[in-house]
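1. Fold the following for me, if possible:
(chains A and B)
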Amino acid sequence: MNDVNEAALLHNYLLVGMVLFVIGMTGFLIRRNLIVMFLCVEMMLQGISLSLAAWGRYHNDWGGQMMILFIIAVASCEAAIALTLVLVVSRRTGNLDVAVWQDLREEGELPFVDRELPEETTERPQSPVLPPAGRQPDVDEDELMHRSHV
Amino acid sequence: MNGAPASWCFVLMGQQQAAAELLADSGRSGGANLATSPLLGAAVTGIAALILLLPRATRASRRVGAVMGTLSLLLLFGGVMVPLAGMSSQIVFWALAAVTIVSAVAAVATPSPIYTAIWFALSLLGTAGLLLYQGAQFLSVATVAVYAGAIVVTFLFVLMLAQPEGHEVYDRVSWGWYTKPMSAVVAALLVALLSFSLPAMPGPAARMGDRADQVLHPDHMARFGDTLFGKHLLSIEIAGALLLVALVGAIAIMIQAGHLRAERAEGQSDE
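-> Numbering: from 1, shown residues only, chains lettered A, B, ... in the order given. Predicted structure coming up:
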């Protein structure tokens, strides 16, 4: 009975891990925001982690959990390097679109062009704004000179 | 896979033993039939849900997509997944799996990257819960601390630094019209193929010792640390070196980019 339950647990964890991996993969293929693409890769890693943990428990071996620990270490390295690169790239081009970098495509490939986009039809919800109250405070000119402009 | 729905009925009637036996039988016979399998329904509704939920150029109602996604999840949970022994453990597993999968879909589907990061953090919490349920206590805490605590927060910082205001065009469209359906179909095919290979796994006979002596030992951290710094000592050293290299590399890239920008600014002022 207990063994059957362990097999069922393995089966279900593999399914959940698989679904998580596949959702991340879909997101990576579809989304065009650099940062969202990296988040999708992290999601795929999570799916792998789940199945590793399940296998480790099923085979009564620590290997699965060790692998997850190293996955976490490598994922944090990857996040550090990737986010630095994203920052550099986004400062150069001004946005996070991957399509901006399609100059790097193979020779002979046709460039990808966006078809025309209709504007968003509905208004975005407005954040509440506090009404002004009281009087404007006096501003010290000297202090303004010292303050660094962010 | 044929036995899964029937065994599920047994669980509903509170007969876990019968369900388990039925499952063991169906697993070994391996007579999978796609047409009668709930896997097909789950795959089709999953494809529809992904296509309908993913960001679109115009704001459209996503109610149909959400209904499809729920249906797909129910089919997956009720039909494809194997019932666990005991109602409470079953409910806990379902709740954790639902949180993980639903927030993962939401992370991919929302057009605003900030919300993507937040949904991803929620999905990580679900994963951490699943790991804890599996008996991996340290990894569960490490996932919350390292992923949700550090990596997602760094992502949010970079988003605040780099993301322009509002929903950008590239957050609302994909690569042409066919990318979305194609990748949804590929995703569902991958899940379907892999799940069909699952019943061929080693059955309950492939039992490897007493788990309470190894991975489910009460002294979890002691055993974990023993294995980590005994058997995997070299690997942990290499991982430490890798972390250091990544840190130095990130700083080096940033400095290099700063030099380049300064040179370009100088060149422009000379002209």
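2. what about the spatially closest residue to residue B:50 that is not a sequence neighbour, helix or strand, and which?
-> Distances taken as C-beta to C-beta, 6 or more residues apart in numbering or on different chains place residue B:184 nearest to residue B:50, at 4.0 Å, with adjacent residues excluded. For the C-beta atoms, the positions are set from N, CA and C on the backbone; glycine is no exception. When elements are assigned from DSSP states H and E, residue B:184 belongs to helix B:179-197.
3. give me the element the residue nearest the centre of chain A is part of.
-> The residue lying closest to the centre of chain A (C-alpha atoms, centre = their mean) is residue A:39, at 1.8 Å. When elements are defined using DSSP H and E, residue A:39 is found to belong to helix A:34-58.
4. Around residue B:239, count how many other residues there are.
-> Using other C-beta atoms under 10 Å in any protein chain shown as the criterion, residue B:239 is surrounded by 17 other residues.
5. who touches it in this structure?
-> A:70, A:73, A:74 (C-beta atoms under 8 Å, 6 or more residues apart in numbering or on different chains).
6. Now tabulate the residues you listed in JSON lines and tack on neighbour count and pLDDT.
-> Rendered in JSON lines, the data for these read as follows (neighbours: other C-beta atoms under 10 Å in any protein chain shown; pLDDT from 0 to 100):
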{"residue": "A:70", "neighbour count": "16", "pLDDT": "94"}
{"residue": "A:73", "neighbour count": "20", "pLDDT": "93"}
{"residue": "A:74", "neighbour count": "15", "pLDDT": "93"}
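7. Which of these sits closest to chain B?
-> Ranked by distance to chain B (C-beta to the nearest C-beta), the contacts of residue B:239 are led by residue A:73 at 4.4 Å.
8. check contacts around that closest one.
-> Applying C-beta under 8 Å, 6+ apart, one finds that residue A:73 lies in contact with B:239, B:242, B:243.
9. just residue B:103 next, same as before
-> Remark: with contacts taken as C-beta under 8 Å, 6+ apart, residue B:103 is in contact with B:119, B:120, B:122, B:123, B:126.
10. and it, that's in a strand?
-> No: checked against DSSP: H, G, I helix; E, B strand; the rest coil, residue B:103 lies outside a strand; its state is helix.
11. What distance do you get for the nearest residue to the residue nearest to the centre of chain A once chain neighbours are set aside to residue B:131?
-> Once flanking residues are discounted, residue A:39 sits nearest to residue B:120: 5.1 Å by C-beta to C-beta, 6+ apart. When distance is defined by C-beta to C-beta, to the nearest Å, residue B:120 is 16 Å away from residue B:131.
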